[in-house]
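>>> Have a look at this prediction, sequence included:
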Amino acid sequence: LGLYSAGSVIGEDSFLGEQARHGTVRALEECETLTLSRENFEKLNQEQPLLANLILKWLLNLLSSRLHNTQGRLAAIF
């Protein structure tokens, strides 16, 4: 679907929704990743609800931005 650089977030759509992952990520060079499972997020939400809320807002803003960009590309085609 695209090339992502350092600091990019991937997989947020399946994290926020109930659907299974529908993509595969392949690193083109050595990298480090940070994974937040739904189970660990729920634990974080119990222990640090304000932080969990900030993470959710950040992810929703990211998704909104990506949706906006996609709509712009589709509008250019049609």
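Good, I have the coordinates.
>>> all strands for this structure, in order.
Here the chain has no strands by DSSP state E.
>>> Enumerate every residue touching the residue most central in space within it.
The chain has Glu12 as the residue nearest its centroid, 2.5 Å off, counting by C-alpha atoms, centre = their mean. Residues in contact with Glu12, defined by C-beta atoms under 8 Å, 6 or more residues apart in numbering, are 59, 62-63. Heads up, the C-betas are built off the backbone N, CA and C, glycines and all.
>>> do the same with Ala6
Cys31.
>>> returning to what we had before: now the contacts of Glu12 as TSV including pLDDT, distance to Ala6 and neighbour count?
Shown next, in TSV, are the contacts of Glu12 (pLDDT from 0 to 100; distance: C-beta to C-beta, whole Å; neighbours: other C-beta atoms under 10 Å):
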residue	pLDDT	distance to Ala6	neighbour count
Leu59	90	18	16
Leu62	89	15	15
Leu63	87	20	15
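>>> Out of these, which is nearest to Ser5?
Taking C-beta to C-beta as the measure, Leu62 is the one of the contacts of Glu12 closest to Ser5, at 14.2 Å.
>>> The closest one - nearest residue in space that isn't next to it in sequence?
Closest residue to Leu62 apart from its sequence neighbours, by C-beta to C-beta, 6 or more residues apart in numbering: Val9 at 5.8 Å.
>>> wait, doesn't the one you found sit right on Leu59?
Yes. Counting by C-beta atoms under 8 Å, Val9 touches Leu59, with 7.2 Å between them.
>>> chain center to stretch 8-20: distance?
Remark: stretch 8-20 is offset 5 Å from the chain centroid, using C-alpha atoms, centre = their mean, to the nearest Å.
>>> now the end-to-end length of that stretch.
Terminal residues of stretch 8-20 are spaced 20 Å apart (C-alpha to C-alpha, to the nearest Å).
>>> Equivalent analysis for stretch 29-43, please.
32 Å.
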